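Trainee: structure for the following, please:
(2 chains)
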There are 2 protein chains.
Amino acid sequence: VNHATPNPILARWQRLVIVGPGLLGSSFALALRAAGYSGRIVGVARSRETLDAAKAVGAIDTGHDSIDAAFGEEHTGDELVILGVPLSAFAHCFKQLAAHERPGRVLTDLGSTKASVIADCRRYYPAPQRFVPAHPMAGSELQGPQHAQATLFRGRPCVVCPDEHTDADALDAARATWALTGAKVLTMNPFDHDRQVAAISHLPHLLAVLLCNTVEQVGGLQLASTGFAGASRLASSNPPMRADILEANRNEIAEVLDRFAKELNTLRGELRKGQRDDLLQRMNAAKQMRDGWDASAG
Amino acid sequence: VNHATPNPILARWQRLVIVGPGLLGSSFALALRAAGYSGRIVGVARSRETLDAAKAVGAIDTGHDSIDAAFGEEHTGDELVILGVPLSAFAHCFKQLAAHERPGRVLTDLGSTKASVIADCRRYYPAPQRFVPAHPMAGSELQGPQHAQATLFRGRPCVVCPDEHTDADALDAARATWALTGAKVLTMNPFDHDRQVAAISHLPHLLAVLLCNTVEQVGGLQLASTGFAGASRLASSNPPMRADILEANRNEIAEVLDRFAKELNTLRGELRKGQRDDLLQRMNAAKQMRDGWDASAG
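Mentor: Next comes the predicted model:
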């Protein structure tokens, strides 16, 4: 929906700079366009292909192959910089951005973990108070700007992780902009966030990988149907990006895997001993939780 | 698609008897109606609600609350009996059917495991050579005839598990009938079947249950999105039905869980030691397998 009168928060941004206009970064840009943003959108990516694809779907107006190139030109007015790069590239980006620091800039990001990104920002960027760490809980196993959708964030949680140093104006502006993508904006501290995503997001991915590893050994792929399709889908995610997440959130994920392994071992005992009532109780609890979530999440 | 000239295999069945016209049994009936079957379809279920719902969607013409009632009336001609009951009810059904045994009958089923069903048949039914064990790999977390679809089996594997005693005519007739539902009919021995479904079907369900159990402990449900939705979907399955499967296929599932636990422990070590290359290799292998299957399964 294009608004006749532009939203004040959108009117504030003279330009958006999407560093890493992949699936999420390009979807962010398309969502703001759909919300009525009419300013300039600049993309930064090393790959010419990515920039061309992001232009082709209307996510960016112009593209540059480096942060230096994008921020070298003269520019006045407020800008929002969105970092949509892999977790291992944040340190490099903050270093590059530091050379072009300017007061009218607010930064946010799309990273899957928050403590490591915040540490990189504090270490390399001179104005960390204007960085508003964010994690939109949306995505797809399809990669790249060609799959971007203006509605990708609609109804999905977006966690924002400020701390006591975060600038109040930057926080309000980033939250208001995120809300315009249709995301449900939540505020949480980065350590709670990282522990919870280890369970709700990183664990399911690893289970899908281990499921495929196990089926590879036992066989049965010719019998696979919709159940396997849904359970294994996350194994199709981008492995290097996932390796970054495992590294950045290693301790939290290890702790969640320990808990999972403990539950698994208990279940194996229940199964071997034929403890039908215990198995039923476990399955009923899971179903109740899952159905309740499904009903409330729509 | 209704055929002007009825298919010879469909013309053979003077009636179909669906014992347990739930989601799968009713979908089977609707699929054969769509393929041109114009004979009578009889449903057997204890619950009046189930019979009414199966009638409402057009899956059955008449309903009976017991096998005795359904087979008490006089009947001539060939009939196909489909057993769509929970695994724990097969013994009882075969006992009841034994009292009404007649030569023109072929039986098939929809059970998720095959060795236990075959054992029940041999033990209680006087003509096990005319029972053609089958397992269509289709379903949904939605239960009941009200969710039945004529297309539920289309393109899905349906495993048929004959042995050296199976009557050749009954086998051909059952396979041909299954093919008319749109399923891809495979033939496999029951032990291979039970081992492979433990990996491809029963393991994913247990992983979804354990995922929910773990998230319940750690928290994070407010951050759940499409990834969790897909990974946890099977936890919404019917717990008593699943408890039957765990009991009937206990040994094969326990063995698959042992393998899974071994893979999980190796991965935990790789994660703790930061063995990025090993983690990448594991994730690449899983992605390659999953993407390859997805491309070939459509």
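
Trainee: all contacts plus neighbour counts: C-alpha atoms, from now on.
Mentor: Will do.

Trainee: let me see the contact set for A:Glu263.
Mentor: By Cα atoms under 8 Å, 6 or more residues apart in numbering or on different chains, the contact list for A:Glu263 reads B:210, B:213-214.

Trainee: export those residues to TSV and tack on neighbour count and pLDDT?
Mentor: Shown next, in TSV, are these (neighbours: other Cα atoms under 10 Å in any protein chain shown; pLDDT from 0 to 100):
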residue	neighbour count	pLDDT
B:Leu210	24	98
B:Asn213	23	97
B:Thr214	24	98
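
Trainee: show me which of these neighbour chain A.
Mentor: B:210, B:213-214 (Cα under 8 Å from any Cα of the partner chain).

Trainee: just the ones in strands from the residues you listed, please.
Mentor: Among the ones next to chain A among the contacts of A:Glu263, no member is found in strands (DSSP state E).

Trainee: before we move on, the earlier item: out of the contacts of A:Glu263, list just those in helices.
Mentor: B:210, B:213-214 (DSSP state H).

Trainee: nearest residue to A:Ala176 other than its sequence neighbours?
Mentor: A:Ile9 (6.9 Å; Cα to Cα, 6 or more residues apart in numbering or on different chains).

Trainee: same thing with A:Lys55?
Mentor: Spatially, and ignoring its direct neighbours in sequence, A:Lys55 is nearest to A:Asp61 (6.2 Å; Cα to Cα, 6+ apart).

Trainee: quick check: that neighbour touching A:Val44?
Mentor: No: taking contacts as Cα atoms under 8 Å, A:Asp61 lies outside contact range of A:Val44: 11.0 Å.

Trainee: ok, these two, which is more surrounded?
Mentor: Between A:Asp61 and A:Val44, A:Val44 has the larger neighbour count (other Cα atoms under 10 Å in any protein chain shown), namely 26 against 14.

Trainee: pLDDT wise, what is that one at?
Mentor: pLDDT for A:Val44: 98.

Trainee: that one and A:Asp65, how far apart?
Mentor: 6 Å (Cα to Cα, to the nearest Å).

Trainee: A:Ala174 now?
Mentor: In terms of Cα to Cα, A:Ala174 sits 25 Å off from A:Asp65.

Trainee: before we move on, what about A:Arg272?
Mentor: Distance from A:Arg272 to A:Asp65, by Cα to Cα: 58 Å.

Trainee: poorly predicted segments of chain A, please.
Mentor: A:1-6, A:141, A:298 (pLDDT under 70).

Trainee: so who does the residue of the stretch 51-200 of chain A found nearest chain B touch?
Mentor: Nearest residue of the stretch 51-200 of chain A to chain B (Cα to the nearest Cα) works out as A:Gln196 at 4.4 Å. Residues counted as contacts of A:Gln196 (Cα under 8 Å, 6+ apart) are B:218-220, B:223.

Trainee: can you redo the residues you listed as a markdown table with distance to B:Asp244, secondary structure and neighbour count?
Mentor: Below are those laid out as a markdown table (distance: Cα to Cα, whole Å; DSSP: H, G, I helix; E, B strand; the rest coil; neighbours: other Cα atoms under 10 Å in any protein chain shown):
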| residue | distance to B:Asp244 | secondary structure | neighbour count |
| --- | --- | --- | --- |
| B:Val218 | 29 | helix | 18 |
| B:Gly219 | 30 | coil | 18 |
| B:Gly220 | 31 | coil | 19 |
| B:Leu223 | 33 | helix | 23 |
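
Trainee: which of A:Ala174 and A:Asp65 has more neighbours?
Mentor: A:Ala174 (22 against 15).

Trainee: show the contacting residues for that one.
Mentor: Contacts of A:Ala174 (Cα under 8 Å, 6+ apart): A:106-108, A:132.

Trainee: for those, which one is nearest B:Glu252?
Mentor: A:Thr108 (49.4 Å; Cα to Cα).

Trainee: check contacts around the closest one.
Mentor: Contacts of A:Thr108 by Cα under 8 Å, 6+ apart are A:80-83, A:131-134, A:174.

Trainee: buried ones in the helix or strand containing it?
Mentor: Assigned by DSSP states H and E, A:Thr108 belongs to strand A:105-109. Along strand A:105-109, these residues count as buried under the neighbour rule (16 or more other Cα atoms under 10 Å in any protein chain shown): A:105-109.

Trainee: phi, psi for A:Lys273 please.
Mentor: Here is the backbone geometry of A:Lys273 (degrees, to the nearest 10): phi -90, psi 0.

Trainee: coming back round to it: measure the residue nearest to A:Lys55 to B:Val132 for me?
Mentor: Using Cα to Cα, A:Asp61 is found at 63 Å from B:Val132.

Trainee: ok, A:Glu79 next?
Mentor: Taken as Cα to Cα, the span from A:Glu79 to B:Val132 is 69 Å.

Trainee: same check on A:Leu83?
Mentor: 59 Å.

Trainee: tally of neighbours for A:Ala134?
Mentor: Neighbours of A:Ala134 (other Cα under 10 Å): 30.

Trainee: which helix or which strand is home to A:Leu16?
Mentor: Applying DSSP H and E, one finds A:Leu16 within strand A:15-19.

Trainee: residues in contact with the closest residue to A:Val215 other than its chain neighbours?
Mentor: Spatial nearest neighbour of A:Val215, excluding adjacent residues (Cα to Cα, 6+ apart): B:Ala199 at 5.7 Å. Shown in contact with B:Ala199 (Cα under 8 Å, 6+ apart): A:214-215, A:218-220, B:253, B:256.
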